[in-house]
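Chemist: give me the fold of what follows.
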Amino acid sequence: MTGLMVAIVLGLLVARYVYQQLQRASAIKPAPTSQVVVAATRIPIGQRLQPGKLRVVSWPAGHQPVGSFARIEDCLDRAVISPLVDNEPILEDHLAPREGGAGLAAMIPEGQRALSVRVDDVVAVAGFVGPGTMVDVLVTGDVPGGGNTVTRVILEDIRVLAAGQKVQQDREGKPQTVTVVTLQVTPEQANKLTMASTEGRIHLALRNTIDTKEANPPPVYKTTLFAGSPPPVPTATSKSKRLAPPPPPKPPDLYVIEVIRGDKRENQTFPDSH
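Modeler: Below is the predicted model of the structure:
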């Protein structure tokens, strides 16, 4: 009987404890939230944002991503300048200005230009030069008045904006056969690239996107490339012999004549004419 009473008392205490914990849990207020606009589907670069591609989700208040939007209408009709994935928050940095248009024009940063150059399968590195890749631009041409041909790097670490009419890279990295590549350059680089493509033959050297160091390699001349090793540098001895001044000429022979004028005598020196 005593054991039964103890069990009943313990059961009542446990029930009371559980009841109190449930009361406390129900009294805790939920954390405040705010709204953030996210992509409802994958949005490729250059497209304008439409209502069907966006939705609003709850986000912890005070922890919204910098530059995010709370209302869908605030980011409608603006072009995307970087690709977006499902549920990715829409940020100001992802969008072009509302007056910036859509497509390729919206992708060009302020102060930059988009310049297209004609390429073939060799120039385009077998089709692996695609949107978003980085390249160096080389030009081969004749040296004016020199009768020689030279290849030099004229631009380094240049971003490819489009390959053909595609502005987004293939997800699997497959090569794309194109005849035109569009590069992102400054106005000064655009002048240089236009001259190179008009007066010479250009090639693109594909580089790693995280490798931003400028190599600035020296130009390569045709005569140096095919003439073999350069001539040996002369030693100091041979050089000094070659550069030594010629010996001075031997002075002419002289003869002396005594000249008598009245009571004066004097010697005069004359060069030997023989």
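
Chemist: residue closest to the middle of the chain?
Modeler: By Cα atoms, centre = their mean, the chain has its centre lying nearest to residue 157, at 3.2 Å.

Chemist: how is that residue assigned, secondary-structure-wise?
Modeler: strand (DSSP: H, G, I helix; E, B strand; the rest coil).

Chemist: ok, the one 5 residues further on next?
Modeler: Here residue 162 is recorded as strand under three-state DSSP.

Chemist: surely residue 69 meets residue 34?
Modeler: No - Residue 69 lies out of contact with residue 34 (Cβ atoms under 8 Å); the separation is 11.1 Å. (Glycine included, C-beta is placed from N, CA and C.)

Chemist: so between the two, which is more surrounded?
Modeler: Neighbours per residue (other Cβ atoms under 10 Å) separate residue 69 from residue 34, with residue 69 holding more: 23 against 13.

Chemist: which residues does the residue nearest to the centre of the chain contact?
Modeler: 134, 136, 207, 211, 212, 214 (Cβ atoms under 8 Å, 6 or more residues apart in numbering).

Chemist: redo that, cut-off 7 Å
Modeler: Going by Cβ atoms under 7 Å, 6 or more residues apart in numbering, residue 157 touches 134, 207, 212, 214.

Chemist: who does the second one bridge with?
Modeler: Following DSSP bridges, residue 207 is listed with bridge partners residue 134.

Chemist: and for it, the neighbour number?
Modeler: Residue 207 has 17 neighbouring residues, counting by other Cβ under 10 Å.

Chemist: would you mind measuring from it to residue 219?
Modeler: Separation of residue 207 from residue 219 (Cβ to Cβ, to the nearest Å): 19 Å.

Chemist: which parts of the stretch 1-150 of the chain are helices?
Modeler: Under the criterion DSSP state H, counting those that start in this stretch, the stretch 1-150 of the chain contains helices at 2-27, 104-107.
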